[in-house]
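K.L.:
what would the 3D arrangement of this be:
(chains A, B, C and D)
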Protein chains: 4
Amino acid sequence: MHKPDVIIVGAGVIGSSIAYELSKRGASVCIVDQGEAVKKASSAAAGMLGAQAEIEGESPLYSFAQSSKARFPALQKELQEKTGIDIELVQKGMIKLAWTEEEKQILKRRISLIGDDQKGSWLDPDEINKREPLVSTASLGGMWIPDDGHVNPFALSTAFIHGAITHGAQLLEYTHVESFIVENNQLSGVKTSEGSIYADEVVVTGGAWSARLLKEAGLDLNAYPVKGECFSVTSLRPFLQTTLFTEGCYIVPKKAGRLLIGATETPHSFSEKVQMKGISRLMERAMELLPALEETSFEKTWAGIRPQTEDGLPFMDAHPGYSNLWIATGHYRNGILLSAETGVFMADLIEGKPISEEWKTAFGLHRNFYQGSEMI
Amino acid sequence: MHKPDVIIVGAGVIGSSIAYELSKRGASVCIVDQGEAVKKASSAAAGMLGAQAEIEGESPLYSFAQSSKARFPALQKELQEKTGIDIELVQKGMIKLAWTEEEKQILKRRISLIGDDQKGSWLDPDEINKREPLVSTASLGGMWIPDDGHVNPFALSTAFIHGAITHGAQLLEYTHVESFIVENNQLSGVKTSEGSIYADEVVVTGGAWSARLLKEAGLDLNAYPVKGECFSVTSLRPFLQTTLFTEGCYIVPKKAGRLLIGATETPHSFSEKVQMKGISRLMERAMELLPALEETSFEKTWAGIRPQTEDGLPFMDAHPGYSNLWIATGHYRNGILLSAETGVFMADLIEGKPISEEWKTAFGLHRNFYQGSEMI
Amino acid sequence: MHKPDVIIVGAGVIGSSIAYELSKRGASVCIVDQGEAVKKASSAAAGMLGAQAEIEGESPLYSFAQSSKARFPALQKELQEKTGIDIELVQKGMIKLAWTEEEKQILKRRISLIGDDQKGSWLDPDEINKREPLVSTASLGGMWIPDDGHVNPFALSTAFIHGAITHGAQLLEYTHVESFIVENNQLSGVKTSEGSIYADEVVVTGGAWSARLLKEAGLDLNAYPVKGECFSVTSLRPFLQTTLFTEGCYIVPKKAGRLLIGATETPHSFSEKVQMKGISRLMERAMELLPALEETSFEKTWAGIRPQTEDGLPFMDAHPGYSNLWIATGHYRNGILLSAETGVFMADLIEGKPISEEWKTAFGLHRNFYQGSEMI
Amino acid sequence: MHKPDVIIVGAGVIGSSIAYELSKRGASVCIVDQGEAVKKASSAAAGMLGAQAEIEGESPLYSFAQSSKARFPALQKELQEKTGIDIELVQKGMIKLAWTEEEKQILKRRISLIGDDQKGSWLDPDEINKREPLVSTASLGGMWIPDDGHVNPFALSTAFIHGAITHGAQLLEYTHVESFIVENNQLSGVKTSEGSIYADEVVVTGGAWSARLLKEAGLDLNAYPVKGECFSVTSLRPFLQTTLFTEGCYIVPKKAGRLLIGATETPHSFSEKVQMKGISRLMERAMELLPALEETSFEKTWAGIRPQTEDGLPFMDAHPGYSNLWIATGHYRNGILLSAETGVFMADLIEGKPISEEWKTAFGLHRNFYQGSEMI
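P.N.:
Prediction:
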């Protein structure tokens, strides 16, 4: 193999997006994954583009998310043309439901902060039922976010990889990165189960598994896995047009009569098993939210392992000791939403282009030390 | 095809057992199924051999069930030798739990009627927990049935069919029986989607679908389908040795760490869809019974359509108008348990051998008219 | 249930399309299926819209197919708006390969008959490889059909059903139609496993299973089932843009790196089993066509039962004895392609609107008698 | 967690067997697996107990295999009693077919070396067909090994784990061992993703993944992965009683009408993808061997990653630098067969009991250095 400019370790949606963007800019890229590409959290996701629903306003993560969400319409077109893959962008809005007075006040405050009816407005229970007649009338109302939506996470990640390969990138699956090659304090590549690969830059995008590898580079990354269990149902009847979101449960209407329901949260678990405890409670919660779910046909369950950080913000920065070792992980439940901007942001970082100082600070690795961890 | 002695319509466990027994006695048999053999209720079943648990004592059905259960040890050996298939007979007992004072009294009465500790005795909650430490302590105790157990229903049905084929039987799958061939008021065969087949005797063993076909023979069979939904979980930890049974829920420990949980009951439904309503309630019920189920891994769901009758007893008799048209259906939740005796009973009936008058009366088609139905 | 105007028996793509069109025109429709809707041949199909590839030019079927194909772009938009379902229309062309001199001459004649480069032109092997570098160079060239393409058959059928329900239609699944209700020589409805349903018009769209039901109306329909086995593979690498088609094998590039390969042909078989014989030969054939297939990952196999007629043309006509009993079946391998026009054609027929005499003659039931079959 | 006596890294059949044996002898054991237990090669295997078929006679591996095979009848009984799990031991013999004169001579020599008709004899083609009428008559005959057979590999591994847990062992799944804890040149435990675990002894039984971990202990193990792809078919007809074995293909009759066919060999691949190339060739090969396979129904495919060594013998020894770090891997295609003896042998080694010098030498780690590898 010709020596690539950049090695990307991890072929989930984050690694794939960075590979796509860098290869589009002319870099030769080699993507390495310890297993099958696009098989972990990135294909377990619901693919919600819920910038307003998931993230508190007025924060760097919120502006990053908004910027990322805005990229999807053009990205859909671009990936369709380059790869023939439709990422299935749907933008039919989302309702975030309040069940307690406290939740209601939080949502109302957020709406007033946004200050733009096109981006967020309040719906009383009867207004919710006009939009979505099957939603429970027991809520206190909800926030209506007209431009939220979702994509197909598997199609998005696959399209990024197809696109990168079309740009000349290489993909090595079932290839385990054992350690980093360091010569004279310079990082010059990675040792893998298939041999050594040298490159100018190495980017670690291994999701919840990133911390394991970074220990080999002397970095004790303060990130941890959070298991999320989901299930899906099908119905041949028209059912739901908009996404429903509430504390501990979301319901996303997918293609051709499929509803995807997520997700439990089990911190500090790498287990991909779907446990009865979690899945049965999620079922109950979802049927409270949408009683008509009782009549749908159960389809299947699955679990994904999302990477979380102490302060809930991703790490997107260079390693403190090696300026050509890059890290992008910790996107937690927002990996799909944030992927579009992450590709561009990381490519800018690596190429030394000017980037937002606010984002740089918010997502920097200096936060890793505030949390009590340390270089080994 | 050579003209067979007997055509059996329906390759579930009842049809397969009769085919096995008749072919063993020397008859040439042709088994016809409208779809794939052993794919409907017979492979959806849990395979419990719960004579005492399922059926009230002192009835013809109870004695028939007892007699059938007693046949399984020899049957296992015989089928193993003839076909190489292990029907996976397990006889580690069953606990039938009481949750109300009324249920407790019913069970205690049943125990005293049985009058044999080897066949049924009472366990207080602490005695239950000595046997099975993971069972909920919230019950009022239960009936311990030491010799109940279970088989693998798919293996049993498949072994009957393999055995029958070894005896020379023919199996025609995906063959639809359209009507009966009647000449001079004599039934002489069936018309199928693959052509006409003539035989001396025809046996309808189509489970819940039998009534459809029997209309073609002028009989309005008073039987109806009952959908049952089930699910399974797995655990690598030792979990449960005995079967648990209670109103609306049973938990059967199967091979290599698998637990099978059933079953909902939706009368008058041929739908094989697993609905959220039923399956989520069954999950809740099962976790009340066995709280440790929370820690197991969810595996899958499925549904089966069982044939039920008005008085809860199967029909095993000749058609009132055609003495060589036989019917064996309506075994409801006990098809696996009753299959062993049903094969012998029907073979005796067809061969004109002497049979129990009590059973003949109990399972006769004269009951069909008492229920208000009539010849068309 | 309110008495519907029209009962449609069979919820595959043909029945769904007719239900959609009739309900759109204001009729109240009840769709009845003996099993789950959209589960048989309609979801087993590859979804090719191969008017020029599949059908000889200059025939009523060819003009019907062309007309149907032309409806898809507008239909996609309409169904998307009404149901939110994307039928995944892709129009990237098809190459029909010739492997013998005879096949080559047939294709060249067809091209000259079409006489329009936009609809069909010849590609030499090197030109094929410019378009699709991975195709075998061993062919003698092929016909390039730029506007052929494919849809997602499951999404299309589901969208028709969702759309019909949105127009007020009812869907009854797992409901078996036992016979027709005839009073004074007038057909007035159907008897089902769930009770009688009365309607002004009844349409039988039961695919390969239609003939069974029509026997109940005294019609011995000269149509038969043809089993087709398929398999799919996946590849994360860009692979194929256009559909490949040749004698006995087609390869359709589907979404997100999936290739669908079909189909064997086993006439007179209702069996849905995938047999080793057929599937292993299809694999070999496909790898001859596209040697790079060797490197893809095997995904799964399945089978569908297509309805065929003696002369290869569908039946779309009224029953000779009952002017309000309609039949639409026999679309064989072109059910998806023909569905769009079939919905409109049958709705026009039923409403008594003027229709093409050529099509009416070509698809009429008078052909049923020419084939030697007869009223029972 | 209480400090265990022994940590076993890898919950496949080898680790599970050692855990079972050590815990039975009274040791407290902790089994750690990076993923789900019993999910890799150990459940992908066919479970053949083919001592004579797989291994050349007159070697330490042959005597080890013979000894291991002889343990299975008692082991089946013991595991059934302790865990309720049936390992499904079948001993109906195996035919090893010769297709070339050279293969025939090799088999005949092996038979004469064995010198015991009860352990191996020659069958001419017509004698083969008397035993198994469906086997191809194109072979030159084969070796008949009456006492070979097979078990259910998943059931065996699960029973070992259940048994070990019953003896008090702990099982930690989805727990990644990052490195070894070494203090004063003494190994005292392992660092895992869930924290440090200390123990007196550590046993690495990670199959093909063992070499990765052993690098952390300074050992460059000369072992490599070999991917094996398999498929299964089903038949409701009686089919095959004995196992067939030939160069590049075996066919094992499993329960209830299932045949398991394996296996391709792709050295140096950790990929678990089933590729079209391998699986289609295996299908062809199997149908040459057993033409009637054409009529069976295809079921599914899968792949397993087996650990191979340069000289084809497993490594079962202590680490050269740490006397309490044990290694048991490299069992290649014979992991199930060898597991029974491996559990006892390793337990003896660890406990310092006298063991066979022949085996000790044959399976020692000194062979690792002869192959050109070295301590890092």
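
K.L.:
and the pLDDT at the closest residue to chain D within the stretch 101-250 of chain A?
P.N.:
In the stretch 101-250 of chain A, no residue comes nearer to chain D than A:Tyr174, which is 4.1 Å away by CB to the nearest CB. To be clear about C-beta, it is placed using only N, CA and C from the backbone, and glycine gets the same treatment. Here the pLDDT value assigned to A:Tyr174 is 96.

K.L.:
give me every residue that touches it.
P.N.:
By CB atoms under 8 Å, 6 or more residues apart in numbering or on different chains, A:Tyr174 lies in contact with A:Asp33, A:Gln34, A:Gly35, A:Glu36, D:Ser269, D:Phe270, D:Ser271, D:Glu272, D:Lys273.

K.L.:
correct me, but the last one touches A:Ala37?
P.N.:
Think D:Lys273. No - taking CB atoms under 8 Å as the definition, D:Lys273 is not a contact partner of A:Ala37, at 10.7 Å.

K.L.:
give me the common contacts of these two.
P.N.:
In contact with both D:Lys273 and A:Ala37: A:Glu173, using CB under 8 Å, 6+ apart.

K.L.:
and these two? Which one has more around it.
P.N.:
Of the pair D:Lys273 and A:Ala37, A:Ala37 is the one with more neighbours under other CB atoms under 10 Å in any protein chain shown, namely 24 against 17.

K.L.:
rewinding a little: the residue of the stretch 101-250 of chain A closest to chain D - that's part of a strand, no?
P.N.:
No - the assignment for A:Tyr174 is coil, going by DSSP: H, G, I helix; E, B strand; the rest coil, so no strand is present there.

K.L.:
state the distance from it to A:Asp33.
P.N.:
Plainly put, A:Tyr174 is 7 Å away from A:Asp33 if you go by CB to CB, to the nearest Å.

K.L.:
with A:Val151 instead?
P.N.:
21 Å.

K.L.:
now do A:Ala19
P.N.:
Between A:Ala19 and A:Asp33 the distance is 11 Å, computed by CB to CB.

K.L.:
and these two? Which one has more around it.
P.N.:
Shown here are A:Ala19 and A:Asp33; by other CB under 10 Å, A:Ala19 has more neighbours (32 against 27).

K.L.:
please name the nearest non-neighbouring residue to that one.
P.N.:
The shortest distance from A:Ala19 to any residue other than its chain neighbours is 4.1 Å, reached at A:Ala164 (CB to CB, 6 or more residues apart in numbering or on different chains).

K.L.:
so the one you found sits in a helix?
P.N.:
Yes - counting by three-state DSSP, A:Ala164 is located in a helix.

K.L.:
what about it, neighbour count?
P.N.:
For A:Ala164, the tally of surrounding residues (other CB under 10 Å) stands at 30.

K.L.:
now do the same contact list for it.
P.N.:
With contacts defined as CB under 8 Å, 6+ apart, the neighbours of A:Ala164 are A:Ser16, A:Ala19, A:Tyr20, A:Ser23, A:Val29, A:Ile31, A:Leu171.

K.L.:
just the C-alphas of stretch A:272-285, formatted as PDB.
P.N.:
Taking Å, rounded to 0.1, in the frame of the first residue of the first chain, the C-alpha atoms of stretch A:272-285 are listed here in PDB:
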ATOM      1  CA  GLU A 272     -24.100  -5.100  23.300                       C
ATOM      2  CA  LYS A 273     -26.700  -7.400  24.800                       C
ATOM      3  CA  VAL A 274     -30.300  -6.200  24.900                       C
ATOM      4  CA  GLN A 275     -31.500  -6.800  28.400                       C
ATOM      5  CA  MET A 276     -35.100  -7.500  29.400                       C
ATOM      6  CA  LYS A 277     -35.000  -4.800  32.100                       C
ATOM      7  CA  GLY A 278     -34.200  -2.000  29.700                       C
ATOM      8  CA  ILE A 279     -36.200  -3.000  26.700                       C
ATOM      9  CA  SER A 280     -39.400  -3.800  28.600                       C
ATOM     10  CA  ARG A 281     -39.300  -0.400  30.400                       C
ATOM     11  CA  LEU A 282     -38.700   1.400  27.100                       C
ATOM     12  CA  MET A 283     -41.700  -0.400  25.600                       C
ATOM     13  CA  GLU A 284     -43.900   0.800  28.500                       C
ATOM     14  CA  ARG A 285     -42.700   4.300  28.200                       C
END
